[in-house]
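*Asks:* No letters, just coordinates:
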């Protein structure tokens, strides 16, 4: 079974530039999550989708971050414009549904460096 | 609000020695707790989870954790460390609805010969 795919794996940009990350969840998984993992910290949930609808985006900095999940499968997370403090690993995860106890499967992440 | 605290950002053990990684939780309701492992340049992988069925939970790779309500703890242990156990370990708790997880700050485990 293929896991969660993410691209690119690494990205270096200058501040005020834009960047986009792509995620392809495990086939059949209705729920998709984007996490931000800053060095030395645990992952923090940015946004959660159930199919193509947003379940929780309370910690998404909406003035610069946006995300979409068209057709309830792939998802894209965008930052525009990037700030130095956005340097982090962006993890995508998926689960079969939003039911409690269901395991979240994580992708390898995209490491973003903002100079 | 539910949260977890991991004591010790770095732990070093000798190969073959006991591994003990500490996690304490704060919750006003019975918590649902998890341990994840993250190997270098990889995503997180679920080690084990506590869902109130049994206080001693066994996971993959020989790890286990015991839920102790009196101590508000969910420490991760392994009797004998292996070099391949070197990784970062995260404790997490369900918060709110919709399968939302809140993670601790992580503990980096180093295994020495």
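*Replies:* Yep, that arrived. Since the structure is predicted, the reported quantities are computational estimates derived from the model, not experimental observations.

*Asks:* Can you pull the residues of chain A lying near chain B?
*Replies:* A:3-4, A:31, A:40-45, A:48, A:50, A:55-56, A:91, A:93, A:95, A:97-109 (Cβ under 8 Å from any Cβ of the partner chain). Just so you know, the C-beta spots here come from the backbone N, C-alpha and C atoms, and that holds for glycine as well.

*Asks:* What distance do you get for residue B:94 to residue A:111?
*Replies:* 27 Å (Cβ to Cβ, to the nearest Å).

*Asks:* Which of these two has more residues huddled nearby?
*Replies:* Neighbours per residue (other Cβ atoms under 10 Å in any protein chain shown) separate residue B:94 from residue A:111, with residue B:94 holding more: 21 against 17.

*Asks:* Which pLDDT value belongs to the more buried one?
*Replies:* On pLDDT, residue B:94 comes in at 85.

*Asks:* Contacts only, for it.
*Replies:* With contacts defined as Cβ atoms under 8 Å, 6 or more residues apart in numbering or on different chains, residue B:94 is in contact with A:100, B:2, B:31-32, B:100-102.

*Asks:* top of those residues by neighbour count?
*Replies:* Counting by other Cβ under 10 Å, top hit in the contacts of residue B:94: residue B:101 with 24 neighbours.

*Asks:* I'd assumed residue B:9 was in contact with residue B:105.
*Replies:* Yes: at 6.7 Å, residue B:105 counts as touching residue B:9 under the criterion of Cβ atoms under 8 Å.

*Asks:* list the residues that contact both of these two?
*Replies:* residue A:40.

*Asks:* out of those two, which sits in the busier spot?
*Replies:* Under the neighbour definition other Cβ under 10 Å, residue B:105 and residue B:9 were set side by side, and residue B:105 has more, 15 against 11.

*Asks:* Report how many residues lie close to residue 13.
*Replies:* Looking at chain A here, since you left the chain open. Neighbour number of residue A:13 under other Cβ under 10 Å is 17.

*Asks:* Let me rephrase: I mean chain B.
*Replies:* Around residue B:13 there are 19 residues (other Cβ under 10 Å).
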